[in-house]
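> give me a 3D structure for the following:
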Amino acid sequence: MLRSLALAFRRQENPLDVPFRPYGEDMKVRHGVRLVRAGVAAVAAAVVAVGVGSGDVARSAVGAAPASGGTGALAGVAVVSPRLAWAVGSTGSGHPLIERWDGLSWRRVRVGGLRGQLFGVSAVSPRVGWAVGYTGQAPNSELLVLRWKGSTWTRVPGSRLGAQRGMLESVSAVSATDAWAVGLTGRNKTLILHWNGIRWRRMLIPRAARTGLLTDVAPGPGKYAWAVGYPGPLILRWNGAAWAQVRSPYADFLYGVTSPAARCAWAVGVTGVYAAHPVILHWNGTAWARQTAPRLPGGAILFGVTAISPRTAWAVGFYGNQRPLILAWNGRAWNRVSISGKVSGMLFRVSATSPRNAFAVGTTVNGRQEILRWNGTTWRRDH
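Numbers count the residues shown, from 1 in each chain. Sure thing, here's the model as predicted:
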């Protein structure tokens, strides 16, 4: 199954023509898109029986060797400032991977005692950060939450998460006392966790939205937040007191969401049964509406989106035969942006703090970690 899905992508066959599979056989193989999200090397490792980390602490230290470019995939990125950013994913041998940007270069932060993958990361300062994913193997995989306090990444015990089995796809922190994480439980139920500065608490989800996978979460201004996923379109909104499902134009899968203002939010994904068409949805404060996306040869999928204002946003994914895709919003339209140099593969997440400081991460066509950097004028490989 894994080999056939990977070959389908290489042949530009329909990556979505695979039925949604429940949590069980292989956590990351629900359809072709999720397979690619894990990365070529990471997926190979995912089908090997792996053990669950026995300790509650994942001890970490900054490695001496450059990090990016190794086998595996980077699935999440968080830019804090021009001198601090985090990227997470998994190595080709099936271990969680964390990398840190210091303003000059990327360095691997060693995480010991764990097997599994990280999919999301968020940080609000040099001393406050979170990374999420899973450890172990389905159907007994456990939620993985790592906390950064300025010197080490520490694992949060599953008993303190409100749920133990399953996986977390995304995390987004507003402050040291306010953070959200989303994913899937071991019983195929959507999962939302909230950090209040003391503990993680599982949140109540509307009954109609309890089956599926939440892929991304984005707090907005004030007390509002958005979460998206599939079967699609699955969009939830937090109003400061409860989560409610919000109607939107149709999309098969939604993978990314961002909200730079109370009357502005973006969600991206894909739709199409026999051809993959990128989906871009926009929230204007009242309703979601579908926006025009550039047409690309061989179809396209968007995995991640970030916005620093209603007039400046980025979306990333891939098109055609695994060619990285970056779109930019200029306040009027979404346009494809060229990438300097020869690159191939897929981009999964993007993060920015200003119009001159952004990173996008993913995997190359031969299963190596990929990091691209925006310097205000050009996207180019940053390793």
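> low-confidence ranges, this protein, go.
Within the chain, the stretches with pLDDT under 70 are 1-69, 138, 273-274, 383.
> can you give me the strands in the stretch 101-250 of the chain?
With DSSP state E, counting those that start in this stretch applied, the stretch 101-250 of the chain shows strands at 106-111, 116-125, 128-135, 142-148, 153-155, 166-175, 178-185, 190-195, 200-202, 213-219, 225-230, 234-238, 243-245, listed in chain order.
> so which bits of stretch 205-223 are buried?
For stretch 205-223, burial by neighbour count (16 or more other Cβ atoms under 10 Å) applies to 205, 209, 212-220. For every residue, glycine as well, the C-beta is placed using N, CA and C.
> ok, of those, which one's closest to Ser141?
Closest approach to Ser141 among these (Cβ to Cβ): Leu213, at 13.5 Å.
> how about the buried residues of stretch 205-223 in a markdown table, adding distance to Pro231?
A markdown table is the format used below for the buried residues of stretch 205-223 (distance: Cβ to Cβ, whole Å):
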| residue | distance to Pro231 |
| --- | --- |
| Ile205 | 14 |
| Ala209 | 10 |
| Gly212 | 5 |
| Leu213 | 9 |
| Leu214 | 12 |
| Thr215 | 12 |
| Asp216 | 15 |
| Val217 | 18 |
| Ala218 | 20 |
| Pro219 | 24 |
| Gly220 | 24 |
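> distance to Asp382 added to the strands of the stretch 101-250 of the chain, as TSV?
Below are the strands of the stretch 101-250 of the chain laid out as TSV (distance: least, Cβ to Cβ, whole Å):
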stretch	distance to Asp382
strand 106-111	7
strand 116-125	17
strand 128-135	20
strand 142-148	21
strand 153-155	22
strand 166-175	22
strand 178-185	27
strand 190-195	30
strand 200-202	33
strand 213-219	23
strand 225-230	28
strand 234-238	32
strand 243-245	37
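> got the CA coordinates for whichever helix or strand Pro278 is part of in CSV?
Following DSSP states H and E, one finds Pro278 within strand 277-283. Backbone C-alpha positions of strand 277-283 (Å, rounded to 0.1, in the frame of the first residue of the first chain) are rendered in CSV as follows:
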residue,chain,number,x,y,z
HIS,A,277,-7.2,21.3,-7.2
PRO,A,278,-5.8,23.6,-4.6
VAL,A,279,-8.3,25.1,-2.2
ILE,A,280,-8.1,28.6,-0.6
LEU,A,281,-10.9,29.8,1.6
HIS,A,282,-11.2,33.2,3.2
TRP,A,283,-13.1,34.4,6.3
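> how far off strand 225-230 does that strand point, in degrees?
160 degrees (axes from the mean of the first three to the mean of the last three Cα atoms, to 10 degrees).
> in whichever helix or strand comes after strand 277-283, what counts as buried?
Downstream of strand 277-283, the first helix or strand assigned by DSSP H and E is strand 288-290. Neighbour-count burial for strand 288-290, counted by 16+ other Cβ under 10 Å, picks out Trp288.
> other residues contacting strand 288-290?
Contact with strand 288-290 is made by 235, 246-249, 267, 279-282, as judged by Cβ atoms under 8 Å, 6 or more residues apart in numbering.
> just the buried residues of these.
Applying 16+ other Cβ under 10 Å to the contacts of strand 288-290, the neighbour count classes 235, 246, 248, 267, 279-282 as buried.
> reformat those residues as TSV; add distance to Trp329.
Formatted as TSV, the buried ones among the contacts of strand 288-290 follow (distance: Cβ to Cβ, whole Å):
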residue	distance to Trp329
Ile235	19
Val246	21
Ser248	18
Ala267	13
Val279	14
Ile280	9
Leu281	13
His282	9
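> sorry, back to before: what strands flank the strand holding Pro278, and is each parallel or antiparallel?
In the sheet, strand 277-283 lines up against strand 264-271 (antiparallel), strand 288-290 (antiparallel) (DSSP bridges).
> what's the closest of those strands to Gln117?
strand 264-271 (20.7 Å).
> give me the distance from the closest one to the chain's centre.
Distance of strand 264-271 from its chain centroid, counting by Cα atoms, centre = their mean, to the nearest Å, is 13 Å.
> which residues does the closest residue to Val124 other than its chain neighbours contact?
Sequence neighbours aside, Ala173 is the residue nearest to Val124 in space, at 5.0 Å (criterion: Cβ to Cβ, 6 or more residues apart in numbering). Applying Cβ under 8 Å, 6+ apart to Ala173 gives the contacts 122-124, 128-130, 179-180, 195.
> buried ones among these?
Neighbour counting with 16+ other Cβ under 10 Å marks 122-124, 128-130, 179-180, 195 as buried within the contacts of Ala173.
> can you give me the helices in this structure?
2-10, 32-38, 40-46 (DSSP state H).
> so how far is Thr286 from the nearest residue to Leu234 once chain neighbours are set aside?
Closest residue to Leu234 apart from its sequence neighbours, by Cβ to Cβ, 6+ apart: Gly212 at 5.5 Å. For Gly212, the distance to Thr286 equals 25 Å [Cβ to Cβ, to the nearest Å].
> so Pro355 makes contact with Ala313?
No: with contact defined as Cβ atoms under 8 Å, Pro355 does not reach Ala313; the gap is 10.6 Å.
> who's more crowded, the two?
The neighbour comparison of Pro355 against Ala313 (other Cβ atoms under 10 Å) goes to Ala313, with 25 against 13.
> still on that earlier bit, to Ala227, which of the strands paired with strand 277-283 lies closest?
strand 264-271 (9.9 Å).
> now the closest one - C-alpha only, CSV.
Extracted in CSV, the C-alpha atoms of strand 264-271 (Å, rounded to 0.1, in the frame of the first residue of the first chain):
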residue,chain,number,x,y,z
CYS,A,264,-9.6,37.8,8.2
ALA,A,265,-8.7,34.1,8.2
TRP,A,266,-7.3,31.8,5.6
ALA,A,267,-7.7,28.0,5.2
VAL,A,268,-6.0,25.9,2.6
GLY,A,269,-6.3,22.3,1.3
VAL,A,270,-7.4,20.4,-1.8
THR,A,271,-10.4,19.1,-3.6
